[in-house]
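**Q** Below are the sequence and a predicted model; questions follow.
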Amino acid sequence: MEYALLNGEIIDRSEAKVDVEDRGYQFGDGVYEVIRVYNGKMFTLTEHLKRFANSAESIGISIPFSIVELTEMLEELLLKNNLQTGNIYMQVTRGTAPRNHLFPTGNVPPTLVAYTIKGVRPLENLKSGVKAILTEDIRWLRCDIKSLNLLGNLLAKQKASEQGCFEAIQHRGQDVTEGSSSNIFIVKNGTVITHESNHLILKGITKDVIVDLCKKNNIPVLERTFSLAELGEADEVFLSSTTAEVMPVIEIDGNKIKSGNPGPLTRNLQEFFKKEIEKQCGVLVNNGI
Ligand code: PDD
C-alpha cells in the first residue's frame, strides 16, 4: 500500500482526498516543495522546510506544524513507503471554505498534503546535456514564492516540450530570469553567473548549493542579472533543480553552446554536487555519472 500525509496523519494514499472547495484546488491558493530523496534520506531537507515556511508566511498561511514535527512526519512517510530514490511532494493550502476571493474568516485550518514519488536520477541527460528554448517570462512578480499557481511555468515548459526540448529559459525583455522549473547558469571566462535571488526568480535550493560549492572550490561566482546576449555568448550553460541537479544545456533555440557538449566547469560542478549528495545521503551506488 502507498501512504500519504494528510493534515498530520499518515493514511492510505487512495483515501487522501480534499474537498472541491479546497482553496488550492480552486485558486491555487497555497505553496509547495519538492524534496529529493537519495538512499532513503532527504537531501537539503532543512533548506526546503525553511523555504516552505517562508513561502507560506509570505501569503499569510501558517503551517500548523513545526519544522521538527514536519521532519518526523516526512521521515515516517518515507519509511512507510520504503522510498529509496525519488521525491517527496508537499503542499499546503489555505484550507476549505465557501468559494470567495477573500481569505476565509474564522478558524479555517490549512490543508497539508505530502506523498512520495519513485524516480531515479536523470543520468542520461546529466551525461549528454539537454536542449532548451527561449521564451518571454509572462509570470507574476513574486516568483520567489513557491506558489501552486504554475500556469506561466506550465505554458513555457509545454512549449519547450513541443519543440523537442527539455526546458524553456525565460527572459523579461533582454534579461534572463530562470527556467520554467529550474534556475539557469552561464559560465564565461571561468566565472559562473546566475540571476540574483530576488522577486523575479525562485531562490533554488540547488542553486544555493551550487553557489556554495563554487565558493568552497575557488570558482569565481556572481549572482547578478545577465542578458540574452551574454547567454548567447556563454562558454557553458547549465540549469539546476531538485530533480535535475546540475544539468548541462547544450543547445538553445537550435544554436549549439560552443561545441555542443557539456562544458568542463559544468562537469566539475556535477562531481562536487554528487559528493555533496553523498555527504548528506550516503554513497550513490550504481548511480554515478
Ligand atoms: N521546481 N525555479 C523554478 C520556477 C522552479 O520551479 C524550481 C524547482 C527551481 C529550482 O529550485 P530547487 O533547486 O529548489 O528545486 C527554480 C521543482 C523541482 C518543481 O516544481 O518540480
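**A** Yep, that arrived. Here the structure is a predicted model, which means the values were calculated and not measured.

**Q** Could you use CA atoms for every contact and neighbour count after this?
**A** OK.

**Q** give me every residue that touches Thr206.
**A** Going by Cα atoms under 8 Å, 6 or more residues apart in numbering, Thr206 touches 240-242, 245.

**Q** So which of these are in strands?
**A** 240-241, 245 (DSSP state E).

**Q** neighbours around Ser180, how many?
**A** Residues lying near Ser180 (other Cα atoms under 10 Å) number 25.

**Q** Quick check, pLDDT for it.
**A** pLDDT for Ser180: 99.

**Q** Need the nearest residue in space to it, chain neighbours excluded.
**A** With Cα to Cα, 6 or more residues apart in numbering as the criterion, Ser180 has its nearest non-adjacent residue at 4.6 Å, and that residue is Asn153.

**Q** what about the one you found, how many neighbours?
**A** If we define neighbours as other Cα under 10 Å, then Asn153 has 18 of them.

**Q** Could you do Lys159 as well?
**A** Neighbour number of Lys159 under other Cα under 10 Å is 18.

**Q** Provide the backbone phi and psi angles at Asn153.
**A** Here is the backbone geometry of Asn153 (degrees, to the nearest 10): phi -70, psi -40.

**Q** Against Thr206, how distant is it?
**A** 18 Å (Cα to Cα, to the nearest Å).

**Q** Up against the ligand, what does the stretch 101-250 of the chain have?
**A** Counting by Cα under 6 Å from any ligand atom, the stretch 101-250 of the chain comes close to the ligand at 180-183, 202, 204-207, 240-243.

**Q** any idea where the helices of the stretch 1-150 of the chain begin and end?
**A** Assigned by DSSP state H, counting those that start in this stretch, the stretch 1-150 of the chain shows helices spanning 23-27, 45-58, 67-81, 123-128.

**Q** could I get those helices as JSON lines with mean pLDDT and distance to Lys258?
**A** Formatted as JSON lines, the helices of the stretch 1-150 of the chain follow (pLDDT from 0 to 100; distance: least, Cα to Cα, whole Å):
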{"stretch": "helix 23-27", "mean pLDDT": "98", "distance to Lys258": "44"}
{"stretch": "helix 45-58", "mean pLDDT": "98", "distance to Lys258": "35"}
{"stretch": "helix 67-81", "mean pLDDT": "98", "distance to Lys258": "42"}
{"stretch": "helix 123-128", "mean pLDDT": "97", "distance to Lys258": "14"}
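
**Q** can these go into a markdown table with extra columns for mean neighbour count?
**A** Shown next, in a markdown table, are the helices of the stretch 1-150 of the chain (neighbours: other Cα atoms under 10 Å):
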| stretch | mean neighbour count |
| --- | --- |
| helix 23-27 | 19 |
| helix 45-58 | 18 |
| helix 67-81 | 16 |
| helix 123-128 | 15 |
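
**Q** Turn those helices into TSV, columns for distance to Leu269.
**A** Converted to TSV, the helices of the stretch 1-150 of the chain look like this (distance: least, Cα to Cα, whole Å):
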stretch	distance to Leu269
helix 23-27	37
helix 45-58	20
helix 67-81	29
helix 123-128	12
